[in-house]
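Q: can't give you the sequence, but here's the structure:
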């Protein structure tokens, strides 16, 4: 039998090492990594985005609809507030939980817009982006031996974060004909089958589907959860200012009867105010959860940027509602354009138009035998168009399109996608 090339290499190295006439570099064993990392998948969105940046660095022009980042600038008053803070010397550490000015602004905003009251001293924690707040909320609410219910399609970080805190993610499937919204009956079955469930992830509006749970549906979900008092709801409401329903609003899950004391609400300013690079998010929760999250944050990152926090205060207290409403209308036009173009493409369908966020998750399973990853790779290679495969969101046979870019870029992207699919 033939010897595998790597085996020959090992024999040769051994012989050289034992030949006094030959010099060889000794092989130094590498210390092992944390075994937990073998369970964690890299973010597919980050992977695609990194590949796009690499291609651009090599001189290629790529049309990218893979990242959920608004294409407009933050409000000018936010930029001015951040600059003023730097000039005034407000560049030092703040309290771990954030400046009292920002926590007061968050509490006022939640009370006036969402109808929920929180003590800014003990029930609000400002973090380095909403993502950190989600992770700390999970770490505070569950651990080894617990289970986390993650409705699919999901933001890819949810199940990975569950694994990071030692819990097991339990995927709750949703139906495309329901707009990928949670079915209360299916939720109850899942809770019955998983008595170790400690947390329900609730992203409303949804990334990656753009689906919005109505007040009526949220109420039915809350009625199910009443029977399972040990389950904490981690309500990720980062997209709640981007809603295209008639009233343009969503209901805060914590505002529903009996839900405040068991809900950790996560929000921020990245999506609504185009402040992605500021890295400011927050969680609002009963004091025992907020205190636990503050303790964790104190040992992980400490406070968010003082300059970013000054900008966030301005975002919550100085930005006129008309600025936000105008951007929602622009996003609505982009959504409608993308939906119209997708409707013209064979083998592509959107069963229920999204009512929020800035994503569309069309079914493309009629192509490539449903292999969405291969479709996205070939699309990037042949047309220089970057989309994220839906399988990474727990939705195989789909692709996620972010329309948070310019209309000109969307027109180019839709033309590329149509040409690619027609050429298959």
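A: That came through, no problem. No experiment lies behind these values; they were computed from the predicted model shown. Numbers count the residues shown, from 1 in each chain.

Q: CA atoms for contacts and neighbours, from now on please.
A: Noted.

Q: strands along the stretch 101-250 of the chain, start to end?
A: With DSSP state E, counting those that start in this stretch as the criterion, the stretch 101-250 of the chain has strands at 124-127, 147-152, 168-173, 197-203, 232-236.

Q: highest mean neighbour count out of these?
A: strand 124-127 (a mean of 30; mean count of other C-alpha atoms under 10 Å).

Q: elements contacting it?
A: When contacts are defined as 3 or more C-alpha pairs under 8 Å, 6 or more residues apart in numbering; DSSP states H and E, strand 124-127 sits against helix 100-109, strand 281-284, helix 287-300.

Q: parallel or antiparallel, list what pairs with the shortest one.
A: What it means is strand 281-284. When pairs are called by DSSP bridges, strand 281-284 turns out to pair with strand 124-127 (antiparallel), strand 263-268 (antiparallel).

Q: quick one, which of those strands is nearest to residue 79?
A: Nearest to residue 79, of all the strands paired with strand 281-284, is strand 263-268, at 16.5 Å by C-alpha to C-alpha.

Q: and the angle for that closest one with helix 287-300?
A: Put simply, strand 263-268 runs at 50 degrees to helix 287-300, going by axes from the mean of the first three to the mean of the last three C-alpha atoms, to 10 degrees.

Q: quick one: residues in contact with strand 263-268.
A: Defining contact as C-alpha atoms under 8 Å, 6 or more residues apart in numbering, one finds that strand 263-268 is touched by 129-130, 133-134, 137, 232-239, 253-254, 280-286, 289.

Q: among those, which ones are buried?
A: Buried residues within the contacts of strand 263-268, counting neighbours by 16 or more other C-alpha atoms under 10 Å: 129-130, 133-134, 137, 232-239, 253-254, 280-286, 289.

Q: residue contacts, residue 382?
A: Counted by C-alpha under 8 Å, 6+ apart, residue 382 has contacts residue 420.

Q: and it, what element?
A: helix 372-383 (DSSP states H and E).

Q: buried residues in that helix, which are they?
A: The neighbour-count check on helix 372-383 (16+ other C-alpha under 10 Å) flags 372, 373, 375, 376, 377, 379, 380, 383 as buried.

Q: roughly how far does the third one sit from residue 51?
A: The reference is to residue 375. Distance, residue 375 to residue 51, using C-alpha to C-alpha, to the nearest Å: 16 Å.

Q: what's the answer for the fifth one, then?
A: Look at residue 377 and residue 51: by C-alpha to C-alpha, they are 11 Å apart.

Q: could you find the closest non-adjacent residue to residue 352?
A: Sequence neighbours aside, residue 179 is the residue nearest to residue 352 in space, at 5.1 Å (criterion: C-alpha to C-alpha, 6 or more residues apart in numbering).

Q: neighbours around the one you found, how many?
A: For residue 179, the neighbour count with other C-alpha atoms under 10 Å is 19.

Q: what's the burial count for residue 278?
A: By the measure other C-alpha under 10 Å, the count of residues near residue 278 is 20.

Q: the strands paired with strand 281-284 into CSV, with extra columns for distance to residue 412 and mean pLDDT?
A: Converted to CSV, these look like this (distance: least, C-alpha to C-alpha, whole Å; pLDDT from 0 to 100):
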stretch, distance to residue 412, mean pLDDT
strand 124-127, 37, 98
strand 263-268, 31, 98
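
Q: what's the closest of the ones you listed to residue 72?
A: When the strands paired with strand 281-284 are compared by C-alpha to C-alpha, strand 263-268 sits nearest residue 72, at 16.7 Å.

Q: need the contact partners of stretch 135-143.
A: With C-alpha under 8 Å, 6+ apart, stretch 135-143 has contacts from 161-162, 165-167, 198-199, 232, 234, 264, 283, 289, 292-293, 296-297.

Q: out of the residues you listed, which one sits closest to residue 272?
A: Comparing the contacts of stretch 135-143 against residue 272 with C-alpha to C-alpha picks out residue 283 as the nearest, at 16.1 Å.

Q: what comes up buried for stretch 78-92?
A: Along stretch 78-92, these residues count as buried under the neighbour rule (16+ other C-alpha under 10 Å): 78, 79, 81, 82, 83, 85, 86, 90.

Q: show the contacting residues for the closest residue to the fourth one other than its chain neighbours.
A: Spelled out, that is residue 82. Take residue 82 and drop its neighbours on the chain: the residue closest to it by C-alpha to C-alpha, 6+ apart is residue 311, 4.8 Å away. By C-alpha under 8 Å, 6+ apart, the residues touching residue 311 are 77, 78, 79, 80, 81, 82.

Q: from the residues you listed, pick the one nearest residue 211.
A: Using C-alpha to C-alpha, residue 78 is the member of these that sits closest to residue 211, with 29.3 Å.

Q: which residue packs closest to the closest one, ignoring adjacent ones?
A: Per C-alpha to C-alpha, 6+ apart, closest to residue 78 is residue 311, 4.6 Å.

Q: quick check, the one you found in a helix?
A: Yes - looking at residue 311 with DSSP: H, G, I helix; E, B strand; the rest coil, it is inside a helix.

Q: what's around residue 227, how many residues?
A: Neighbour tally, residue 227, other C-alpha under 10 Å: 11.

Q: so what pLDDT did it get?
A: Residue 227 is assigned a pLDDT of 97 by the prediction.

Q: distance-wise, check it relative to residue 145.
A: To residue 145, residue 227 is 21 Å away according to C-alpha to C-alpha.

Q: show me which helix runs longest in this protein.
A: Secondary structure of the chain per DSSP state H: the longest helix is helix 321-343.

Q: now it: buried residues?
A: Those would be 327, 328, 331, 332, 334, 335, 337, 338, 339, 342, for helix 321-343 by 16+ other C-alpha under 10 Å.

Q: and the contacts of that helix?
A: 241-244, 272-273, 348-350, 353, 358-360, 362, 403-404, 407, 410, 414.

Q: from these, which land in strands?
A: 359, 360 (DSSP state E).
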